[in-house]
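Engineer: Model the structure of this input:
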Amino acid sequence: MENDLRQPLKRRSLPARMFSARPSALRATSLACITVLGGMAGWLVVSHEPYGGEPVVHMRIDTSDPIITSSVKKPAATSLQDADAGDEELSQDTGADTPVLDLSDLGSRQQAGGETDLDKRRQQLANRNTSSGDVESPPGALSMDDLAPSRNQQALIPSRASLALVPAPVAKITGKGPHGPLPRRAKDGSRPSTIYARPVSREQLASDMPKVALLIGGMGLNESLTRTAINRLPPEVSLGFAPYGENLQQQANDARSRGHELYIHLPMEPFGYPSIDPGPHTLLTSVPPQKNLDSLRWHLGRFAGYAGVTNYLGAQFASNNDAISPVLKELGKRGLIYVDDGSKGLSRATQLAGILGLDARSAVVSLDGDGSPASVLAALQRLEAQARHSGIAIATGSGLPSTIEAIDQWAQGLAGRNILLVPVSAAFAARRS
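Structural biologist: Have a look, this model is predicted:
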């Protein structure tokens, strides 16, 4: 090999000089930076990324449910038969303990001509015009107009439209008895007092508005008068049926189809018995408890669809602890509620009921005066005053023509007086002052 000193002197190229020079940290770093920057510049030239360099947020999309857009075929609607079955299942599990929100009522509130509130709402939304410059909302979007009103607004006053209740009997809360089908608690805990109750929204129950409940009795004995009461009285008015009428089940379901909550009269021994005789199978203080329980089951088996029981007369019986206690205990076991008409101050029913596992309330006003509409209206005014004092108050009365007429007239002015009419079962759940 020749000595490099003998080579002719000439200027070497840049790569030759770079590779022949001893490498240093600075030179290595510079070369790396040039390579990286050159690669990024080349990538930006060949790729299209309009938002390059901006912050990016990553979100996880739940794909457990199908995403439906205007360009995707929507899944087939559920069959009418399946939808009806689902509605029936839902309606059977609603009531006082589980009050229904307004949105859940839309599908079953019957309007004139068979139109439901849901259909009406859909029509209103379809006819609603957007102003120029407004962006059209997607189908199903809520607006401020659709939100629930304040609890202090008069929107809480229920309309006169009826809420059809499920026909009775409901199988899961019905058992066999010696004299006919009997109400019972279901295996899932459902009770007749809730399934057969008229639903009330949570907003109504929690509102500060004074609430009044009416229980009008004597139904079932006169079919013509019963039909008048069913059709003329507001659906929030609860009806009490006597166990001695004919065609009671049909009459009861007619009342429920108009939205009325039902109770059954339980004839009990009054003072002055037997001169004052309520009727066959009256509960008596002079017979063994088993005899009274058999009479109780006779009454309860007359028809189905009632949320609870109310006394018919019975001052003597209801004031006797030993006589009434087994009856109240049996009613509690069957998932019913008890309403005392409040006509006699000697009744021990409401005091004993809680100890025996039975929910009970007592009426504070009786509408039965001299039978004139004026006396009924005066009693209703006392009921309103009591409701303003205690939050909620119950009144009882007989289904006489004058009473029906007076209640119909009185109910039309409730909104102006800021009074809320509710079914009797609401008194077992509503807030009290």
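Engineer: Next, count neighbours for V424.
Structural biologist: 30 (other CB atoms under 10 Å). (Glycine included, C-beta is placed from N, CA and C.)
Engineer: try A378
Structural biologist: Neighbour count of A378, defined by other CB under 10 Å: 14.
Engineer: so where's this protein uncertain?
Structural biologist: For the chain, the stretches flagged by pLDDT under 70 are 1-27, 42-162, 344, 430-433.
Engineer: hey, where'd the strands end up in it?
Structural biologist: Applying DSSP state E to the chain gives strands spanning 174-175, 182-183, 211-219, 238-241, 262-268, 306-313, 337-340, 359-362, 365-366, 392-398, 420-421.
Engineer: closest one to L300 among those strands?
Structural biologist: With distances scored as CB to CB, the stretch of these nearest to L300 is strand 182-183 (5.4 Å).
Engineer: List the strands paired with the closest one, with their directions.
Structural biologist: Next to strand 182-183 in the sheet, as set by DSSP bridges, lie strand 174-175 (antiparallel).
Engineer: circling back to that earlier point, next, format the strands of the chain as JSON lines and append mean neighbour count and distance to D277.
Structural biologist: Output for the strands of the chain, formatted as JSON lines (neighbours: other CB atoms under 10 Å; distance: least, CB to CB, whole Å):
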{"stretch": "strand 174-175", "mean neighbour count": "16", "distance to D277": "30"}
{"stretch": "strand 182-183", "mean neighbour count": "24", "distance to D277": "25"}
{"stretch": "strand 211-219", "mean neighbour count": "25", "distance to D277": "16"}
{"stretch": "strand 238-241", "mean neighbour count": "28", "distance to D277": "19"}
{"stretch": "strand 262-268", "mean neighbour count": "27", "distance to D277": "9"}
{"stretch": "strand 306-313", "mean neighbour count": "27", "distance to D277": "9"}
{"stretch": "strand 337-340", "mean neighbour count": "26", "distance to D277": "21"}
{"stretch": "strand 359-362", "mean neighbour count": "21", "distance to D277": "25"}
{"stretch": "strand 365-366", "mean neighbour count": "18", "distance to D277": "21"}
{"stretch": "strand 392-398", "mean neighbour count": "24", "distance to D277": "18"}
{"stretch": "strand 420-421", "mean neighbour count": "22", "distance to D277": "35"}
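Engineer: list the buried ones in stretch 345-358?
Structural biologist: Applying a neighbour-count criterion of 16 or more other CB atoms under 10 Å, one finds S347, R348, A349, T350, L352, A353, L356, L358 buried in stretch 345-358.
Engineer: which ones are touching the fifth one?
Structural biologist: If I follow you right, that is L352. N321, I324, S325, L328 (CB atoms under 8 Å, 6 or more residues apart in numbering).
Engineer: re the thing from before, I'd like the buried residues of stretch 345-358 as JSON lines, with distance to R297 appended.
Structural biologist: Below are those laid out as JSON lines (distance: CB to CB, whole Å):
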{"residue": "S347", "distance to R297": "22"}
{"residue": "R348", "distance to R297": "22"}
{"residue": "A349", "distance to R297": "19"}
{"residue": "T350", "distance to R297": "23"}
{"residue": "L352", "distance to R297": "20"}
{"residue": "A353", "distance to R297": "19"}
{"residue": "L356", "distance to R297": "17"}
{"residue": "L358", "distance to R297": "16"}
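Engineer: what's the closest of these to G369?
Structural biologist: The closest of those to G369 turns out to be S347 (CB to CB; 20.6 Å).
Engineer: residue ranges of the helices in the stretch 251-400 of the chain, please?
Structural biologist: 289-300, 315-318, 321-333, 349-353, 373-390 (DSSP state H, counting those that start in this stretch).
Engineer: ranking the ones you listed by burial, who's on top?
Structural biologist: Highest mean neighbour count among the helices of the stretch 251-400 of the chain (mean count of other CB atoms under 10 Å): helix 315-318, with a mean of 24.
Engineer: other SSEs contacting it?
Structural biologist: strand 262-268, helix 321-333 (3 or more CB pairs under 8 Å, 6 or more residues apart in numbering; DSSP states H and E).
Engineer: Which of these sits closest to D188?
Structural biologist: Of all those, helix 321-333 sits nearest to D188, with 16.3 Å by CB to CB.
Engineer: who touches the closest one?
Structural biologist: Contacts with helix 321-333, where a contact means CB under 8 Å, 6+ apart, come from 185, 266, 268, 283-285, 289, 292-293, 296, 308-309, 317-318, 338, 348-349, 352-353, 356-360.
Engineer: Excluding sequence neighbours, find me the nearest residue to Q249.
Structural biologist: Nearest non-adjacent residue to Q249, counting by CB to CB, 6 or more residues apart in numbering: F303, 4.5 Å away.
Engineer: Contact partners for the one you found?
Structural biologist: A168, F241, L248, Q249, Q251, A252, I264.
Engineer: ok, 6 Å please
Structural biologist: Contacts for F303 (CB atoms under 6 Å, 6 or more residues apart in numbering) come out as L248, Q249, A252.
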